[in-house]
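Colleague: Provided below for reference: sequence and predicted model.
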Amino acid sequence: MARVIALCLSAKKGIAKSEVEKAFCRYDYGFENDAHAGSYRQVSLMSLKDIKKYQEAYPKLPYGAYGENILVDDLDLCDLKLGTILQVGAVLLEVIQIGKECHTGCAIAKMSGKCVMPKIGVFAKVIKEGEIHKGDEVKIYEKRFLEKIFDPIEEQTLSKAKVIVVGTGGLGMRVLEILVRSGIKNLRLIDGDIITYRTFDRQLYANEENLGHYKVEVCKEELLKIFGDLKIEAHKTYLTMSNKELILEDAIVIDCLDNIETRLLLEKICEEKGDVLIHGAVDSYFGQVALIRPGDRLLEVIYKDHSQMPQKTFAPLVAIVASLEATLLIEYLLRPEETQNKELIMIDLRKLEIQKIKVEG
């Protein structure tokens with residue numbers, strides 16, 4: 001069982017730390033009365049087993065001379081992955097860094113000419129505050145910890161949802177990232193387009209390295225960098241009547257398209273499949289978002305006799321519309337009875353106005 005062997009603090013930087021029996025570890029700050037608290041490396045830790053050779057050479061050297069806040073026994077700290085959660089007493093720490101450059105001021109460096117920090121020093125961020133005592137047990141949580149607004153039941157609902165995103169350009173990329181970071185894990189992406197330079201102003205994953213690559217493949221690759229356990233299907237094709245089977249039943253579909261014809265087709269397919277459709281569109285400084293249930297035929301009403309070509313899009317508008325689309329989807333999943341029918345959210349970013357209007361067929 002791993003335990004805290006020593007707690008060490010220092011009132012000033014550049015001097016050896018002194019042992020204490022207990023200390024309060026404050027959220028997103030570090031130990032109170034410790035000079036190194038308040039930086040992004042809030043708490044430092046070291047394993048006793050890693051410094052045994054130094055103890056043999058310098059048996060009278062106090063624990064504070066090693067420059068760490070917490071010395072732990074019976075734990076291989078340096079084998080931990082970034083993001084791992086350590087529970088020390090009632091406190092939760094997230095590992096954010098392994099090792100750092102020596103500042104040449106610690107007692108070990110002065111005595112031996114070599115600092116132990118670059119290899120065996122571990123740094124953490126405080127994500128739950130509390131008091132730590134000498135002798136407290138230290139536990140490792142292999143599952144990484146996320147600070148979320150959702151409770152466990154809501155998280156489970158989001159993780160089980162099937163979401164289909166049609167169009168993975170400016171809107172699609174941003175919608176996908178928001179959903180993934182919110183807990184959506186099952187995704188199907190549909191888009192036959194590639195990344196081109198003309199969309200660098202508004203597409204999240206558009207860069208010179210991804211030029212000419214299919215958007216759906218780039219999105220899948222980037223999203224898996226966030227969470228490796230996602231289930232993502234990437235279909236390099238445009239949606240047509242001949243491949244409408246790509247729209248699954250019992251899914252929620254997100255419209256991130258940029259043309260009216262395919263939008264109307266998507267609404268028709270979702271009605272046939274019994275799927276809810278989340279619509280979003282951008283044009284110049286104006287955007288719109290709506291939740292469409294089977295039978296609403298909202299897009300059929302909105303785009304009746306509509307032939308105007310989209311204008312150049314103000315890039316910040318894309319992020320706002322994507323955020324609203326993602327929020328509508330999450331709210332529908334968690335609170336379906338509270339979502340409204342046949343309402344269109346209208347955004348005028350030039351006037352900084354958002355309003356809802358009722359759409360009647």
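Modeller: That came through, no problem.

Colleague: pretty sure Leu93 is in a strand, no?
Modeller: Yes. Applying DSSP: H, G, I helix; E, B strand; the rest coil, one finds Leu93 inside a strand.

Colleague: Identify the residues contacting the residue lying closest to it once chain neighbours are set aside.
Modeller: Excluding the flanking residues, the one nearest Leu93 by CB to CB, 6 or more residues apart in numbering is Ala124, at 3.8 Å. Just so you know, the C-beta spots here come from the backbone N, C-alpha and C atoms, and that holds for glycine as well. By CB atoms under 8 Å, 6 or more residues apart in numbering, the residues touching Ala124 are 42-45, 86, 93-96.

Colleague: switch to 6 Å and redo it
Modeller: 43, 93-95 (CB atoms under 6 Å, 6 or more residues apart in numbering).

Colleague: roughly how far apart are it and Asp74?
Modeller: 18 Å (CB to CB, to the nearest Å).

Colleague: Repeat that for Leu266.
Modeller: 58 Å.

Colleague: Between these two, which is the more surrounded one?
Modeller: Leu266 (26 against 12; other CB atoms under 10 Å).

Colleague: quick one, phi psi at the more buried one?
Modeller: Main-chain torsions, Leu266, degrees, to the nearest 10: phi -60, psi -40.

Colleague: For Leu176, pull up the helix or strand it's in.
Modeller: helix 170-182 (DSSP states H and E).

Colleague: I'd like the next helix or strand past that helix.
Modeller: Counting by DSSP H and E, the element that comes right after helix 170-182 along the chain is strand 186-190.

Colleague: My impression was that Cys25 belongs to a strand - is that right?
Modeller: Yes. Membership of Cys25 in a strand is supported by three-state DSSP.

Colleague: Quick check: bridge partners of it?
Modeller: Phe31, Gly130 (DSSP bridges).

Colleague: what does the helix holding Leu176 contact?
Modeller: So helix 170-182 is contacted by 165, 202-205, 219, 223, 226, 254, 256, 280, 318-319, 322, 325-326 (CB under 6 Å, 6+ apart).

Colleague: Just those residues: which are in strands?
Modeller: 165, 254, 280 (DSSP state E).

Colleague: Return the member of these nearest to Leu230.
Modeller: Val165 (12.8 Å; CB to CB).

Colleague: Let me know the average pLDDT across the helix or strand harbouring Glu261.
Modeller: For Glu261, the host element (DSSP H and E) is helix 260-273. Mean pLDDT, helix 260-273: 96.

Colleague: swap in stretch 154-166?
Modeller: Per-residue scores along stretch 154-166 average to 96.

Colleague: Look at that stretch and report the distance between its end residues.
Modeller: 25 Å (CA to CA, to the nearest Å).

Colleague: contacting residues around it?
Modeller: 172, 176, 183-190, 239, 251-254, 256, 266, 333-334.

Colleague: Could you give me the ChimeraX syntax to select whichever of those residues are buried?
Modeller: Selection of buried members from those for ChimeraX, criterion 16 or more other CB atoms under 10 Å:
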select :172,176,183,184,185,186,187,188,189,190,239,251,252,253,254,256,266,333,334
